[in-house]
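[1] attaching a predicted model along with its sequence, questions to come.
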Amino acid sequence: MTTNRIGTTEWMLLLVGVVLGILAGVVQGWAIAQKEQGKIKSGMRIFYIVGTVIVLVALKVTLNIAFPSYIATSQIGIWLSIVFAIGGLLLGRALYPQPVNSARRG
């Protein structure tokens, strides 16, 4: 994999993808914590989790259309963008604190 054609615009698009992924991960973590605390039901948790992934994908596609670059036009660039967005999603999910259940303490 060569990154010779990746310039400032491409790195900014990757950074925005990571930030969007982190935000989506935090929302997912919040939804899971709310379900664990009994504040929302399981259907609403699924709505938040699936909804954040859909919004993340929609925003990434919109950015790739609005700012055509090597990331948006090459196959390796698209895969790189996906990896960065998923990495951000997992990082954001890991950053959200887990609720402590009394059953798990034992």
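    Arrived safely, thanks for sending. Just so we're clear, the structure is a prediction, and the values are computed from it rather than from any experiment.
[2] following element in sequence after the helix or strand containing V16, please.
    Assigned by DSSP states H and E, V16 belongs to helix 8-36. Note on helix 8-36: by DSSP H and E, the next helix or strand toward the C-terminus is helix 42-66.
[3] what about that next one, average pLDDT?
    Helix 42-66 shows an average pLDDT of 92 in the prediction.
[4] please apply the same query to stretch 74-92.
    On average, stretch 74-92 scores 87.
[5] in that stretch, what counts as buried?
    77, 80-81, 84-89, 92 (16 or more other CB atoms under 10 Å). The C-beta positions use only the backbone N, C-alpha and C, and glycine is treated the same way.
[6] that stretch: how far from the chain's middle?
    Distance of stretch 74-92 from the chain centroid (CA atoms, centre = their mean, to the nearest Å) equals 9 Å.
[7] which residues does it contact?
    Here stretch 74-92 makes contact (CB atoms under 8 Å, 6 or more residues apart in numbering) with 1, 5-6, 10, 13-14, 17-29, 53, 56, 60, 64, 69-72.
[8] any idea which residue is closest to the centre of this structure?
    For the chain, G21 is the residue whose C-alpha lies nearest the centre (CA atoms, centre = their mean; 2.3 Å).
[9] verify the stated contact: G25 with R93.
    Yes. Using CB atoms under 8 Å, G25 makes contact with R93 at a distance of 3.8 Å.
[10] what about the two, which has more around it?
    Counted by other CB atoms under 10 Å, G25 and R93 do not tie: G25 has more neighbours, with 23 against 18.
[11] excluding its backbone neighbours, what's nearest the more buried one?
    Using CB to CB, 6 or more residues apart in numbering and skipping residues adjacent in sequence, the residue nearest G25 is G92, 2.3 Å away.
[12] check V55 too.
    Nearest non-adjacent residue to V55, counting by CB to CB, 6+ apart: A24, 7.0 Å away.
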